[in-house]
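Trainee: With the sequence up front, the predicted model follows.
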Amino acid sequence: MPAVSKGDGMRGLAVFISDIRNCKSKEAEIKRINKELANIRSKFKGDKALDGYSKKKYVCKLLFIFLLGHDIDFGHMEAVNLLSSNKYTEKQIGYLFISVLVNSNSELIRLINNAIKNDLASRNPTFMCLALHCIANVGSREMGEAFAADIPRILVAGDSMDSVKQSAALCLLRLYKASPDLVPMGEWTARVVHLLNDQHMGVVTAAVSLITCLCKKNPDDFKTCISLAVSRLSRIVSSASTDLQDYTYYFVPAPWLSVKLLRLLQCYPPPEDAAVKGRLVECLETVLNKAQEPPKSKKVQHSNAKNAILFETISLIIHYDSEPNLLVRACNQLGQFLQHRETNLRYLALESMCTLASSEFSHEAVKTHIDTVINALKTERDVSVRQRAADLLYAMCDRSNAKQIVSEMLRYLETADYAIREEIVLKVAILAEKYAVDYSWYVDTILNLIRIAGDYVSEEVWYRVLQIVTNRDDVQGYAAKTVFEALQAPACHENMVKVGGYILGEFGNLIAGDPRSSPPVQFSLLHSKFHLCSVATRALLLSTYIKFINLFPETKATIQGVLRAGSQLRNADVELQQRAVEYLTLSSVASTDVLATVLEEMPPFPERESSILAKLKRKKGPGAGSALDDGRRDPSSNDINGGVEPTPSTVSTPSPSADLLGLRAAPPPAAPAAPSGAGNLLVDVFSDGPAPQPSLGPTPEEAFLSELEPPAPESPMALLADPAPVADPGPEDVGPPIPEADELLNKFVCKNNGVLFENQLLQIGVKSEFRQNLGRMYLFYGNKTSVQFQNFLPTVVHPGDLQTQLAVQTKRVAAQVDGGAQVQQVLNIECLRDFLTPPLLSVRFRYGGAPQSLTLKLPVTINKFFQPTEMAAQDFFQRWKQLSLPQQEAQKIFKANHPMDAEVTKAKLLGFGSALLDNVDPNPENFVGAGIIQTKALQVGCLLRLEPNAQAQMYRLTLRTSKEPVSRHLCELLAQQF
């Protein structure tokens, strides 16, 4: 870079900055700035032409004023003029001003582009670098369109200087991130990849950053980079610190480039070429060997650089998961960091070992560090490190150490931070169920959980223990005895009362022979808790009381007295009042045989995967997926989950049509009904049967509006959704929709539920309902493989002006989707005004290390907000005549694409949203419909007439609405259905 001469010091700028710094108050500073702005404005408008130095000085002052937080509304043209100067300092200031103050929509962009084009063509490396930096800093789409084709040419040109190549690579990376569709890499791919062999390390570093970003979208196009990356990595790893002096950082050769190369290799599976793979394995072994060597410097920078390469190497080893020797060595190396004095290293070691624990090759090696991890859980001061230790214990747990790990986690739970208690509870519950040697231990563990952290024991946890106790005859008596003893504690958590009420109501007779737990004693114990409980728990206890009348007839009079009490029969809560009245009548009227039949013992629950596991997946714990992998290592553990027998369907990869997360497992009937809302739609989205409709309450519109509110904190479903809405990316951040997107969208014009997309990896199902201008949609993402999806990110994008027409609020989903698992995403939709294009659904994830992405059209069309309208024939024709303007009518005559069946046609028209009006059209074979499209801004009335001609196999469709675009769009949508 040219040296700045002494005359370029700009003394006037230095004096101005000094004056600003010497100001004693804000008012004085503003006064001095206004004075300077007036002086600069007069100089720019003066008759005397300014020389380059003066322009540069004044533009610098404007830039400094802007950086102080003041608005600058002039001087842009003078900055553009500086770009044509042949002096480096003047051109540099011009580009700096433009990069900071000129936005992408400025009218000066074309002038700036011309100046940039001249500098790029000048072959002066300094000027070319300045121009490339400006393109990257502004990064507008217009600049991308102007230079996207030129920059790759500069990047691969043989006569380009190394500094220019670096700048070109980083500039191209910036443009690709802003507008991927503007960077045509097809013809340049091979030559860009070849830059990995460049002699200049700076060029290689910039090229690796570019290739890493490009290969995520087109991995096959850049597959040749694997061998070159391995070759370059091998040369760096095997070199001494003196071989790469300019790129050696505290005795570590090229640490940044090494890390980038290792990350690039993580975008691909292990190399297929045996020679390349052998060389890569040798590199990885060398890095692990160097980690054992004594440090060459005591500086923290040396250890940071060395450890950065080591951890990235371990990440690559874990990603490949194919070299047992390397996995075990990586585990041993991480074990040395578990007691390191540096907190960050301990955290990273625990996090990496969580992933290693899921590998069949390194699981046993991870287990050898169990004592160290338990000690970290007890003594670590940093809460985040303690949480990673708990995750690792969960990941390394199997049948041999389950009791020890569960015991330690229970002990830790008593003093655990409140932020992670719920996650610890879920993990303990899962481990206790998964690896229970005997179910008495499982019951003891869950009751201890409730005793220690009852506030954090969700309904899923105690639902599950009730299901297991109900299904296991051998544990029912023990459970009744244990819960009876637990209820005798003076301070008893309400969840314990729920569990006790259910178990004693079902199996209290098994301990009734002991005088200490006789029926009156059991009832007295439960009823002593009644007045301290919530309404939901009281309702459950009333169900227990009526069960007692059947089990223990001697308690009938006492319980009827409780039910007959005014506090129950005239209870302000409708649920309690209804139960008391019905149970009292049942116990008084029904004979003993009828009572025994109605109140007989609950049958075993259908065996399903534990819903606790589904909840933990949504907590995004790093160890959440590891227990599933343990199930693949230890097939015998499949007989634990509530007594599931290992059948082919339970030990193999689940079918996508199965209830992948076990969310359909019903809660115990004696428990209060779960709140209506999102939970009502948590069913098998891929089933062929009709979808159950959620209860909307007595007033459909009001109840539906309430359904769109986020779940209340006390609702169990509130824990399955992230309260933070997902920020939609811009349309430029997603690729174009897949070719069959329109065809998939058309399938949902007349229906709300079904499979939106399916390939060999992923299945996406949809359930939705709409009321007036509001809608709620549930998207179900099913992993059809046995491999976990990483970095799973589904997002909704509004192309064009759709943001102002349709509001879509989304909930986050877990970043990992385990093999055979299903995750749910909730979308709340509001139609603000009529729209013509649907929103886009972008799904991105990593499968087997390779990035995957697809873009679909979300099945939200304007007809979803139809409200059917009934009207008489006279009213219909009167309204039809009112909508007689040419622009209000859309008509289409088309050939039938499907068999012309009247019932099918009627069903499609009803699914489209309009009401079918009988006895309106003189021709009974014609179909006439009416409806109103509800938006927040206005209502659009719509009338339609469909005339089928069976002989010619043709239709004529006529639509009239009060808005021309709506008429045309609805006509196109409906015509495609026939």
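Mentor: Now that the structure is in, tell me what you want to look at.
Trainee: low-scoring stretches of the protein, by residue?
Mentor: Residue ranges of the chain with pLDDT under 70: 1-9, 104-105, 241-243, 607-733.
Trainee: So the residue nearest to the spatial centre of the chain: helix, strand or coil?
Mentor: The chain has residue 813 as the residue nearest its centroid, 3.3 Å off, counting by Cα atoms, centre = their mean. Following DSSP: H, G, I helix; E, B strand; the rest coil, the label given to residue 813 is coil.
Trainee: Mind listing what's buried along stretch 421-441?
Mentor: 421-436, 439-441 (16 or more other Cβ atoms under 10 Å). Any C-beta I mention is one placed from the backbone N, CA and C, and that applies to glycine too.
Trainee: Buried ones in stretch 270-288, by neighbour count?
Mentor: In stretch 270-288, counting by 16+ other Cβ under 10 Å, buried: 270, 271, 276, 277, 279, 280, 281, 283, 284, 285, 287, 288.
Trainee: Which of those fall within helices?
Mentor: Among the buried residues of stretch 270-288, DSSP state H puts 276, 277, 279, 280, 281, 283, 284, 285, 287, 288 in helices.
Trainee: quick one: the third one and residue 235 touch, right?
Mentor: This means residue 279. No - counting by Cβ atoms under 8 Å, residue 279 sits too far from residue 235 to count as a contact (10.4 Å).
Trainee: Tell me which other helices or strands the helix or strand hosting residue 948 touches.
Mentor: Assessed by DSSP states H and E, residue 948 sits inside strand 939-949. Counting contacts by 3 or more Cβ pairs under 8 Å, 6 or more residues apart in numbering; DSSP states H and E, strand 939-949 is packed against helix 873-882, helix 902-912, strand 927-934, strand 954-961, helix 964-975.
Trainee: 10 Å instead, please
Mentor: Packed against strand 939-949 by the contact rule (3 or more Cβ pairs under 10 Å, 6 or more residues apart in numbering; DSSP states H and E) you find strand 866-868, helix 873-882, strand 889-895, helix 902-912, strand 927-934, strand 954-961, helix 964-975.
Trainee: which one is residue 252 nearest to, not counting chain neighbours?
Mentor: residue 305 (4.0 Å; Cβ to Cβ, 6 or more residues apart in numbering).
Trainee: So that neighbour versus residue 263, what's the distance?
Mentor: For residue 305, the distance to residue 263 equals 15 Å [Cβ to Cβ, to the nearest Å].
Trainee: for residue 71, same thing?
Mentor: 41 Å.
Trainee: More neighbours: these two, which one.
Mentor: residue 263 (17 against 6; other Cβ atoms under 10 Å).
Trainee: What helices and strands are in contact with the strand or helix carrying that one?
Mentor: Assigned by DSSP H and E, residue 263 belongs to helix 255-265. Helix 255-265 is packed against helix 201-217, helix 225-238, strand 248-249, helix 274-292, helix 300-320, with contacts defined by 3+ Cβ pairs under 10 Å, 6+ apart.
Trainee: Extract the CA atoms of that helix and return them as CSV.
Mentor: Provided in CSV are the C-alpha atoms of helix 255-265 (Å, rounded to 0.1, in the frame of the first residue of the first chain):
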residue,chain,number,x,y,z
PRO,A,255,-4.0,-21.8,13.0
TRP,A,256,-6.8,-19.9,11.3
LEU,A,257,-6.3,-21.6,8.0
SER,A,258,-6.1,-25.0,9.7
VAL,A,259,-9.4,-24.5,11.5
LYS,A,260,-11.1,-23.3,8.3
LEU,A,261,-9.8,-26.4,6.4
LEU,A,262,-11.1,-28.7,9.2
ARG,A,263,-14.5,-27.0,9.0
LEU,A,264,-14.5,-27.4,5.2
LEU,A,265,-14.0,-31.1,5.6
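Trainee: Also compute the angle for that helix relative to helix 201-217, please.
Mentor: 20 degrees (axes from the mean of the first three to the mean of the last three Cα atoms, to 10 degrees).
Trainee: Centre of the chain to helix 255-265, how far?
Mentor: Helix 255-265 sits 27 Å away from the centroid of its parent chain (Cα atoms, centre = their mean, to the nearest Å).
Trainee: List the buried residues for it?
Mentor: For helix 255-265, by 16+ other Cβ under 10 Å, it's 255, 256, 257, 258, 259, 260, 261, 262, 263, 264, 265.
Trainee: got the contact list for the closest residue in space to residue 315 that isn't next to it in sequence?
Mentor: Spatially, and ignoring its direct neighbours in sequence, residue 315 is nearest to residue 266 (6.5 Å; Cβ to Cβ, 6+ apart). For residue 266, the contact set (Cβ atoms under 10 Å, 6 or more residues apart in numbering) comprises 212, 312, 315, 316, 318, 319, 320, 846, 849, 850.
Trainee: From residue 318, how far off is residue 266?
Mentor: Counting by Cβ to Cβ, the gap from residue 266 to residue 318 is 9 Å.
Trainee: hey, where'd the helices end up in the stretch 351-500 of the chain?
Mentor: 363-367, 370-379, 383-396, 402-413, 418-434, 439-453, 459-471, 473-487, 494-507 (DSSP state H, counting those that start in this stretch).
Trainee: Spell out the secondary structure type for the nearest residue to residue 735 once chain neighbours are set aside.
Mentor: Once flanking residues are discounted, residue 735 sits nearest to residue 855: 5.3 Å by Cβ to Cβ, 6+ apart. Counting by three-state DSSP, the backbone at residue 855 sits in strand.
Trainee: So residue 855 is in contact with residue 740, correct?
Mentor: No - with contact defined as Cβ atoms under 10 Å, residue 855 and residue 740 do not form a contacting pair (11.6 Å).
Trainee: Between the two, which is the more surrounded one?
Mentor: Taking neighbours as other Cβ under 10 Å, residue 855 and residue 740 compare with residue 855 leading, 18 against 10.
Trainee: Across the sheet, point out what pairs with the more buried one.
Mentor: Counting by DSSP bridges, residue 855 forms beta bridges with residue 842.
Trainee: residues in contact with it?
Mentor: Per Cβ under 10 Å, 6+ apart, neighbours of residue 855: 731, 734-738, 741, 795, 797, 840-844.
Trainee: What about those residues, which one has the most neighbours?
Mentor: residue 841 (28 neighbours).
Trainee: Distance check, that one against residue 439.
Mentor: For residue 841, the distance to residue 439 - Cβ to Cβ - is 44 Å.
Trainee: Likewise for residue 271?
Mentor: For residue 271, the distance to residue 439 - Cβ to Cβ - is 49 Å.
Trainee: now residue 184
Mentor: 64 Å.
Trainee: Tell me how this structure divides into domains.
Mentor: Domains of the chain are assigned by the TED database as 397-598, 734-860, 863-976.
Trainee: Residue 38: which of the ones you listed is closest?
Mentor: The closest of these to residue 38 is domain 734-860. By Cβ to Cβ, the value is 41.0 Å.
Trainee: give me the number of residues near the nearest residue to residue 410 once chain neighbours are set aside?
Mentor: Spatially, and ignoring its direct neighbours in sequence, residue 410 is nearest to residue 448 (5.7 Å; Cβ to Cβ, 6+ apart). Neighbours of residue 448 under the rule other Cβ under 10 Å: 17.
Trainee: contacting residues for residue 448?
Mentor: Residue 448 touches 406, 407, 410, 413, 428, 432, 486, counting by Cβ under 10 Å, 6+ apart.
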